[in-house]
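Undergrad: Show me how the following folds:
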Amino acid sequence: MHPIMLDVAGCELNAQEQEVIGHPLTGGVILFARNYYDPQQLRHLTAQIKASASHPILISVDQEGGRVQRFIEGFTSVPAMGNIASNAEPEPLAMACGTVIAAECLGHGVDISFAPVLDINGISEVIGQRSFSASETQIDMLARAFIQGMTQWGMPAIGKHFPGHGNVQADSHIAMPIDERSESEIFEHDMAVFARLIKDDLLAGIMPAHVIYPDVDDQPAGFSTIWLQQILRQKLGYQGVIFSDDLSMHAATQAGDMLSRVEHALAAGVDMALICNAPDEAIKVLDNLGHTVQHQTQYSTRPQGLVSINRQTVLHYQQLLGHPNYKLAVERVKRACD
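TA: Numbers count the residues shown, from 1 in each chain. Below you'll find the predicted structure:
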């Protein structure tokens with residue numbers, strides 16, 4: 001019923017942002033490095049966001065490890081997922097990474113990290129070491145351990161970028177990637193990672209790629225009813241939340257202006273649409289996307305289920321610091337980074 005996730009400018013909310021977060025269509029806020037300078041400030045910001053919302057709201061971040069870590073000072077530095085396989089004990093390390101990311105984010109009021117990256121480490125430079133491996137089998141093994149580390153702290157796993165972004169060179173932030181491979185090759189390799197984790201009910205959320213796979217559909221996966229409804233929902237039996245990737249990215253512009261992108265994504269099967277680094281456009285969407293009671297019944301309630309999962313298990317920050325499982329995970333992660 002609250003299908004828009006948006007961002008904020010700084011380390012505390014201004015009056016307009018409080019109003020925007022309280023809008024009935026706002027269901028989530030994604031944080032970036034610009035929203036953080038120390039742990040106390042982050043806890044204040046997340047509390048401010050929750051207080052501004054008129055309903056339970058998801059607070060998210062891309063805290064993957066490696067070069068994609070928005071919170072640095074006061075948080076544990078986590079290695080890139082692509083460096084885990086070479087460790088002497090890769091599965092325990094992957095689990096420790098999941099534990100540290102989940103525990104530290106939840107301990108600061110952040111509900112979900114958009115992780116793990118399930119793409120194959122192929123020719124994509126924007127994916128690269130964000131991926132666990134070039135091997136689907138190894139990705140599956142390490143992703144399961146990572147997810148176990150996350151979920152034991154109450155953080156659901158969000159797999160990305162369905163059905164796979166690793167085998168296209170173009171960066172969807174600045175270009176329109178097109179994967180010319182056959183449907184069978186994509187299904188047997190890239191998508192197989194997602195399919196196995198979905199079968200075992202390990203993914204509470206999935207983020208589709210802003211990539212066109214012309215042998216399947218001429219629309220990017222995140223705007224495609226074929227990918228999201230026929231393949232993901234029906235063929236794979238996926239019942240979790242579908243988050244769009246950022247609709248401000250270049251690869252999303254083919255769907256029109258921001259309102260059209262949101263409408264197309266939701267119509268294709270997305271549950272929550274992300275609008276990042278475009279506050280004026282986000283406000284236009286909130287003002288013009290249907291938000292009457294009649295319209296709201298058309299929007300998915302799946303994302304709000306993730307809020308209730310997390311709030312049951314969040315430790316107070318001081319409790320977190322002294323928890324033995326957390327301390328052991330931090331020690332393992334730090335040894336891997338030395």
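
Undergrad: element containing residue 282, please.
TA: According to DSSP states H and E, residue 282 maps onto helix 279-288.

Undergrad: ok, now residue 159?
TA: In this assignment (DSSP H and E), residue 159 forms part of strand 158-162.

Undergrad: which helices and strands does that strand pack with?
TA: If you count contacts as 3 or more C-beta pairs under 8 Å, 6 or more residues apart in numbering; DSSP states H and E, strand 158-162 packs onto helix 190-199, strand 205-208. Any C-beta I mention is one placed from the backbone N, CA and C, and that applies to glycine too.

Undergrad: same thing but 10 Å
TA: On a contact count with 3 or more C-beta pairs under 10 Å, 6 or more residues apart in numbering; DSSP states H and E, strand 158-162 meets helix 136-151, helix 190-199, strand 205-208.

Undergrad: ok now the very next helix or strand once past that strand, how far from the chain's centre?
TA: Toward the C-terminus, strand 158-162 is succeeded by helix 183-188 as the next helix or strand (DSSP H and E). For helix 183-188, the gap between its own C-alpha mean and the chain's C-alpha mean amounts to 24 Å (C-alpha atoms, centre = their mean, to the nearest Å).

Undergrad: for stretch 209-223, same thing?
TA: Counting by C-alpha atoms, centre = their mean, stretch 209-223 comes out at 19 Å from the chain centroid.

Undergrad: Show the end-to-end separation of it, please.
TA: Using C-alpha to C-alpha, to the nearest Å, one end of stretch 209-223 lies 9 Å from the other.

Undergrad: got the buried residues for that stretch?
TA: In terms of neighbour count (16 or more other C-beta atoms under 10 Å), stretch 209-223 has its buried residues at 209, 210, 211, 212, 213, 216, 217, 219, 220, 221, 222, 223.

Undergrad: Of all pairs in those residues, which one is the farthest apart?
TA: 210 and 216 (14.7 Å; C-beta to C-beta).

Undergrad: Save the helices and strands packed on strand 158-162 as TSV, and put in mean pLDDT and distance to residue 162 too.
TA: Rendered in TSV, the data for the helices and strands packed on strand 158-162 read as follows (pLDDT from 0 to 100; distance: least, C-beta to C-beta, whole Å):
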stretch	mean pLDDT	distance to residue 162
helix 136-151	97	13
helix 190-199	98	5
strand 205-208	98	5
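
Undergrad: how about the ones you listed, which one is nearest residue 119?
TA: Residue 119 lies closest to helix 190-199 among the helices and strands packed on strand 158-162, at 7.2 Å (C-beta to C-beta).

Undergrad: returning to what we had before: from the buried residues of stretch 209-223, which land in strands?
TA: Among these, DSSP state E puts none in strands.

Undergrad: now these as a markdown table including pLDDT and distance to residue 124?
TA: Output for those, formatted as a markdown table (pLDDT from 0 to 100; distance: C-beta to C-beta, whole Å):
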| residue | pLDDT | distance to residue 124 |
| --- | --- | --- |
| 209 | 96 | 10 |
| 210 | 94 | 12 |
| 211 | 95 | 9 |
| 212 | 96 | 14 |
| 213 | 97 | 14 |
| 216 | 98 | 18 |
| 217 | 97 | 20 |
| 219 | 96 | 20 |
| 220 | 96 | 15 |
| 221 | 97 | 14 |
| 222 | 97 | 16 |
| 223 | 97 | 20 |
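
Undergrad: Just give me the closest of these to residue 185.
TA: Of all the buried residues of stretch 209-223, residue 185 sits closest to residue 213, with 10.1 Å by C-beta to C-beta.

Undergrad: what sits against the closest one?
TA: 163-164, 168, 177-183, 186, 190-191, 219-221, 224, 226-227 (C-beta atoms under 10 Å, 6 or more residues apart in numbering).

Undergrad: Would you list the buried entries among those?
TA: Among the contacts of residue 213, those buried by neighbour count (16+ other C-beta under 10 Å) are 163-164, 168, 177, 179, 181, 186, 190-191, 219-221, 224, 226-227.

Undergrad: Closest one of these to residue 258?
TA: residue 220 (15.4 Å).

Undergrad: Test my guess that the closest one contacts residue 251.
TA: Yes: counting by C-beta atoms under 10 Å, residue 220 sits close enough to residue 251 to count as a contact (6.1 Å).

Undergrad: what is in contact with these two at once?
TA: With C-beta under 10 Å, 6+ apart, residue 220 and residue 251 have common neighbours 172, 176, 177, 178, 209, 210, 211, 212, 245.

Undergrad: Could you save the residues you listed as a markdown table and add columns showing distance to residue 276?
TA: Formatted as a markdown table, the entries for the shared contacts of residue 220 and residue 251 read as follows, by distance: C-beta to C-beta, whole Å:
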| residue | distance to residue 276 |
| --- | --- |
| 172 | 13 |
| 176 | 18 |
| 177 | 18 |
| 178 | 23 |
| 209 | 16 |
| 210 | 13 |
| 211 | 18 |
| 212 | 21 |
| 245 | 9 |
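
Undergrad: For these, work out which two are farthest apart.
TA: Farthest pair in these, by C-beta to C-beta: 178 and 245, 15.9 Å.

Undergrad: Take the helices and strands packed on strand 158-162 and write them to JSON lines, including distance to residue 42.
TA: Below are the helices and strands packed on strand 158-162 laid out as JSON lines (distance: least, C-beta to C-beta, whole Å):
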{"stretch": "helix 136-151", "distance to residue 42": "19"}
{"stretch": "helix 190-199", "distance to residue 42": "29"}
{"stretch": "strand 205-208", "distance to residue 42": "22"}
